[in-house]
Structures are given as structure tokens and as C-alpha cells.
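Visitor: Curious how this folds, go ahead:
(2 chains)
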Amino acid sequence: MRPAPTWILIVLLVACLAILPWITSVFVLSLALSIAMYAGLALSWAMFSGATGYVALSSSAFFGLGAYTCAILLGSWPWPVVVVCGGLIATLLALLLGLCVLHLRGTYFAILTFGISELLKNLIIYVEKSEFGTVGRLMIGAPPDNVIYWTVLALAVLAAAIYWLVARSDFGAALRAIGSDEDRAATLGLNVRNAKVVGFCLSAFVPGAIGAAVSVRWTYIDPHIVFNPFIVFQAILIATIGGPTRLGGPILGAVVFGVLEETLRLNFEHYYLMLLGVLLILSVLYIPNGLASITLPHRLRRAKGVERSRA
Amino acid sequence: MPETLLQLSGLTVRFGGIAALSGVTFTAGPSEFVGIIGPNGAGKTTLFNVMSGMVAPTDGAFRIAGVDLAGKRAHVFNRMGIARTFQTARVFRNLTVRENVQFGLRFPWRRGGRATDVQAETDDLLARLGLIDEAQIAADSLPPTRQRLLEIAMALATNPRLLLLDEVAAGLTQSEAEAMASLIQSIRRERNISVIWIEHNVVTLMRTVERVMVLHHGEVLADGSPREVAQDQSVIDAYLGETAE
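Guide: Numbers count the residues shown, from 1 in each chain, chains lettered A, B, ... in the order given. Take a look at the predicted model:
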């Protein structure tokens, strides 16, 4: 076990992030929360879609379902239980969805995951209107901002842990083989459907739990807010600009995206989205393997790793 | 072990109105070495697709060691002991040569269970196929003829009792093809497995295998020892007919 220093660095970094509420302004804390949320969503998406090449457009559905679970349970159950329930309900949806649509390839899979998210949104609108005569819900009994921040930070760390554990396991190799040549993987004995369903379910817990944890900040939610397709588009964008095939990619992407978004919003209030769009297009065009592919420390570590495996 | 390892009876595959295979009946015993020849479009690769579970037959029965695999998916065929290569090598391009070989060894559902020492067995297979020096490079940077060797290693990693080889000697010179044939022959003996080999290089194939099956327009035209098949008038007609066209 040589890489002990890396572990110490990671623990220190997380500890630093965890004490942010006591040492920084409200502004920095809210930026850190956004980045943690982006990282959690992008890591979960990249863990499955980056490896298998199956572009899932269902993060919004997981997020929205988590938010509605929270709206129903908030105040009556303890906060951690509410958040975990949000994640579990999203995982259950992923299981059902996966069993129904994961035999489809490419565009069909993407369109169906997107369609089902929209269906779910409209179903909730219908049920809310006919049963309760309203569309939105008030979030009453939200915990303090610090607690929300720690929750989302913990979920981002969980997403990173899942990504890391999957990537280095036999199961991760199975997912990458599916991304490379699915039929080949099957002729070598892999039950590709089961592998895809399990991977898809693992990618749903964190977005669902984040949906539950973050939605309380809005005090009022409706299906258009929490099932917004922009949530999944953002996750894909962040994972892509960072590089979905490396653990550092989605994290770096989240930091860059979060900081850029805030900076541009503050300085160019009216056209920050346009500027953001242009910068993102440029980064995808000129850094196709993601920001993580050009960072120096990573290259050094790889080189060292090669030396060690040869020795 | 049963006398018959592989048993096909009345196997038919139709794509729309066209029959790629019609009524193919064929058996192979344990550790038998069979060659399949036939003109282009005879249905040879379709037959392998059926035997590896990638194409479901329209009609007919398929048994391995007495077990009917009708309606089963490809991974079940492999877990029952059938492994194959592809005419155009299909390796995991984004993985290293070593990881490609490891893939068949590392899972608990492998026939006979996960390899006891995955690293050592990966090394053995790489060495056996002469790929040990290229172990760390990406699989897609291997030249096509060496990718075929990699595919054989990948297939052997799954511990098969029947190995299906689809034109592994294509693009090789005559002496390279002979070397490939003797490599296959010795691997078959070491592991005591059955091999079915589709090959266009008829000369090399006839010299190597114990038995030849000739497919023509999706039907079995002849099935016997290389000497018998070479003298079969219908086989000569089919081949000469194709050449004349």
C-alpha cells in the first residue's frame, strides 16, 4: 500500500471543505455547495455513461423524484433518513427503467430515458392537480444551510467513492468492455444486461439524494423546477469538459463550471450564459479528452505508476 | 463426458425471405478438430453466430453436451464452454492487450470459476500466443493479424471446451498460415478441446484438420475426412462453379 500520502491529502481536502461554513462568507459557501452538487451529479453520470457509452438522460428524473420524496417526508422524518429515501426511490426508478430500456442501444436508449423523465414529470403534475388541486409544494422544516452543505458534500464524496471503487473493480472492467464492444463481452461470458442494470442503479442513488437535499433551499418546488432537463444536460457537460473516464475529470469540471458560472454571472449579468456557452464549446473542441487529461500531476502519477508496474 | 459435444439438427436461419442456413445437421465430438469450408455467402459465419448465441435460429435444435441452448443469450453459450473469434478481430480497443486477456479469466461465473491466479494465467496465455512483449499496449495498436492471436487468447481465457475460429489465417502468407495451423493444433492437444475452424486457405486447413464440413448455399454439401471431401464430385462442382462465375 504505497499511495498512503494520497489518502492523507484527500482526507485533508475533505476536512478543509467541511469546515468552510465556519471560515467563509455566505457567497463562498453557496458556491462550494453548487460545486459539490455538480461534482456529485457529474461523477454519477460519468461512472455509468462514461464507461459504457450509454448516454443516460435520466439524472433529472432521479433528482426530481428525490426532491418530491423530500417534499413528502420533510418534517416528519429525520433529515438523514429523508435524504437516503430520496436516493433509494431514485435507485428503484433506475431498476425499473433499466430493466425496460437497457436492451436498447445508442440514441434509442438516450431518447427513452429522456422521455420517461418527461413522463414522470407530467404524471406528477397530473396527480398533484387531481388529488391536491395544486402543482407545487412548500418545503417546510428545512435544516440550516450548513447542514445542507455538509449533506451535499458527503454525497459528492460518496459519488467519488462509488466511481473509484467501480473503476478499479472487475465490475468496472465489465462496464468498460460493454462500452468498447458489447457483443464481444457477451461472447466472453458477461451477462451484459445485468451488468448494465446494476451500473445504472448505482448511478441513481446520489442524484436522487442530492435532489432531496438541495430542493429544500428553494422553499417551493414544482415539477418544472425539479425535473428540469437542464440538470442532466449540465451534468453531461461538466463530465465532458472535465473528462468522464478519469475520477478527477468530473470533479475538475465541476469546479471550473461552478467558478466560471458565478464569475461570469457577477461581471456580465446579461450575457453570461452566452459567454459560458462559447467557453464550453471551445473547451470541448480543443480539449476533447477533458481538462483532466492536461493536468500535470496526473501525468506524473501515471508515469510513476508505469515505472512501478514494470519493476 | 458424452460422446457428442456439439449437436446441431435441422438448424435453419432465415433473414427475411432468404435462408442463410437451411436444415444444417452436424455433430462434433470432444477434442475433435473440424474444418468448415465453403464459397463466400455459404453461411459459414452465420453458423458461428448461431453457435455462439449471437443469432437465434429460426428452426432446429442446438445442443452442447446434451444441453439445449434454444433461446439462451450469448453469455450462456460461453459459460457452457463455447468461445469464438471473429473474422474481423473484435478486441476491446480501449483496453490494453493484457486487460483483454484478463477479461475472460476474472469473473466468478467463468466456466470452472474465476481463475485461481488471474495474473499468472494471463501471463501464461500471453506467452503461449507470443504476445507477452505487447502486453501493456492498447489492443487497437496491434496489427490486425496479431489482433487475431489476441482474440484466441481472449477466447481461451474463458476456459472453453469448444473453440470456434473464424478465418484466423486470413491475410497471412503461406508459411505464416502453416505456423498458425500448428499453433492451433498444439493448443488443441494441450487443452484437449474441440476446435472448429472456418478458413479460406483450403490447402492449410485440409492438411491440419481431422474432418471437413463443406457448406454451400446454407446447406451441408459434404462432411468427412479431408481426403474424402477433396474427391467429392459435388464439392468439386461447387468450387469450380464459383470460380467460373
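
Visitor: Contact residues of chain B facing chain A?
Guide: Proximity of chain B to chain A is confined to B:52-54, B:73-75, B:77-79, B:83-84, B:86, B:90-95, B:99, B:102-104, B:106-107, B:109-111, B:136, B:154-155, B:157-158 under the rule C-beta under 8 Å from any C-beta of the partner chain. The C-beta positions use only the backbone N, C-alpha and C, and glycine is treated the same way.

Visitor: Could I get the full set of helices for chain B?
Guide: Assigned helices in chain B, in chain order: B:44-51, B:74-79, B:97-103, B:118-128, B:144-157, B:174-191, B:202-208, B:226-231, B:233-244 (criterion: DSSP state H).

Visitor: Return the most buried member of the ones you listed.
Guide: helix B:97-103 (a mean of 26; mean count of other C-beta atoms under 10 Å in any protein chain shown).

Visitor: Below-threshold pLDDT in chain B: ranges please.
Guide: Counting by pLDDT under 70, the low-confidence segments of chain B come to B:1-2, B:240-245.

Visitor: quick one, what contacts the residue nearest the centre of chain B?
Guide: In chain B, the residue lying closest to the centroid (C-alpha atoms, centre = their mean) is B:L164, at 1.4 Å. Shown here is B:L164, whose contacts under the criterion C-beta atoms under 8 Å, 6 or more residues apart in numbering or on different chains are B:F48, B:M51, B:S52, B:I82, B:A83, B:R84, B:T85, B:V195, B:I196, B:I198.

Visitor: nearest spatial neighbour of it, skipping sequence neighbours?
Guide: In space, and not counting its chain neighbours, B:L164 is closest to B:R84: 3.9 Å by C-beta to C-beta, 6 or more residues apart in numbering or on different chains.

Visitor: Give me the number of neighbouring residues for that neighbour.
Guide: By other C-beta atoms under 10 Å in any protein chain shown, 29 other residues sit near B:R84.

Visitor: so the nearest residue to B:E32 once chain neighbours are set aside bridges to which residues?
Guide: On the basis of C-beta to C-beta, 6+ apart, the spatially nearest residue to B:E32 that is not a chain neighbour turns out to be B:S194, at 5.1 Å. In this structure, B:S194 has beta-bridge partners B:L162, where bridges are defined by DSSP bridges.

Visitor: what does B:V34 give?
Guide: B:V34 has the following beta-bridge partners by DSSP bridges: B:I196, B:R211.

Visitor: what sits against the closest residue to A:Y38 other than its chain neighbours?
Guide: The shortest distance from A:Y38 to any residue other than its chain neighbours is 3.8 Å, reached at A:A254 (C-beta to C-beta, 6+ apart). The contact partners of A:A254, taken as C-beta under 8 Å, 6+ apart, are A:I35, A:A36, A:Y38, A:A39, A:A42, A:I238, A:G242.

Visitor: How about A:K129?
Guide: Contacts of A:K129 were listed using C-beta under 8 Å, 6+ apart, and they are A:V135.

Visitor: helix or strand for the spatially closest residue to A:C201 that is not a sequence neighbour, which one?
Guide: Excluding the flanking residues, the one nearest A:C201 by C-beta to C-beta, 6+ apart is A:A94, at 4.6 Å. Assigned by DSSP states H and E, A:A94 belongs to helix A:79-101.
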